[in-house]
Each structure stands twice: as structure tokens, then as C-alpha cells.
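[1] show me how the following folds:
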Amino acid sequence: MRVHPLPVTDLPPVYISTRHYGRLDQLARIGLPSGHPVARFLVSELERAIVCRPEDLPPDVVTPGSRVTFRLDGERSSETRILVYPERYEPSGQCVSVVNPVGAALLGIRAGSAMPFVDLDGRPVHIRVERIVFQPETHGPRRD
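    Numbering: from 1, shown residues only. I've put the predicted structure just below:
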């Protein structure tokens, strides 16, 4: 299984705050079952990430807790979802988990960026972030 359908040099930068890096790394390496289809992708994204303090994170970066508007290849309309950790996921259509291929592809990219990923059926897909509606890091300290 390929992690990315494009070479790493063609991928957009990924920004992760120090507040989330350790938790995401542990989730990807230890928390997901062996062979989980998103684990390898998430690990590869974390390994190439630009890690910065929450207050230094650009305001247009998708982080856990962000409400983001995005569009998948070939879709006529955009979707707006909140990126969440698995324990906060609810199948209401309002959230996308970081352990879902869409959520992992959104993690850490900026508004205007497009990220290729492989869906659960093995098909290459691109996702484009149109807008960050809300990002927790730009609204001060928060309890997790």
C-alpha cells in the first residue's frame, strides 16, 4: 500500500503544534490496531511535519478541534466538518476523525492547499482546504 500517491516533494507542508504532536504520534504508532489503513499515512505525515508551539501556528492550519471547509476531487459541493480525535467522533456528519483517511489528509495543511491521499478502497484522492472556519489555537489556551 502506498502512503502517498505523489512524491513527498510534491506535498504541501504540514504544521503540527507541540500540543498535539505527541498525542497524534502515540495514536498512530501505538493506539491504532496493527495494519490500520491510516496509521502509516499518519506516521508519514508526522515525520515530515513542521512542529511549532501553538501560539506560533499559522491561523489557517487545520488542527484537531478546527472547523474546516474542504472539497474532495470530483465533488460538486464543499463539506464543513470539525477535525476530532477518535474518542470525540460522533457519526452525526459534523465531525471527521484524525484516524479517517479524510481527517488524516486534512491534518496540518493550510487553507488553499491540496493533499493527495489514498481512500479506504485504495483509490487516490485529492482534498483541498477551502477555509478554516475556526481554529482553537487562534482563540487562546484551551483545556483538552
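[2] in which helix or strand does L42 reside?
    helix 39-47 (DSSP states H and E).
[3] if we go by neighbour counts, what in whichever helix or strand comes after that helix is buried?
    The C-terminal neighbour of helix 39-47 among helices and strands, as given by DSSP H and E, is strand 50-52. Within strand 50-52, the residues that qualify as buried by neighbour count (16 or more other Cβ atoms under 10 Å) are V51, C52. The way it works is simple: take the backbone N, C-alpha and C, and place the C-beta from them, glycine included.
[4] name the helices or strands packed onto strand 50-52?
    Packing contacts for strand 50-52, counted by 3 or more Cβ pairs under 8 Å, 6 or more residues apart in numbering; DSSP states H and E, involve strand 15-17, helix 18-26.
[5] report the rounded mean pLDDT for it.
    The average pLDDT within strand 50-52 is 96.
[6] quick check: next helix or strand after it?
    Scanning onward from strand 50-52 (DSSP H and E), the first element met is strand 67-72.
[7] no further questions, thank you.
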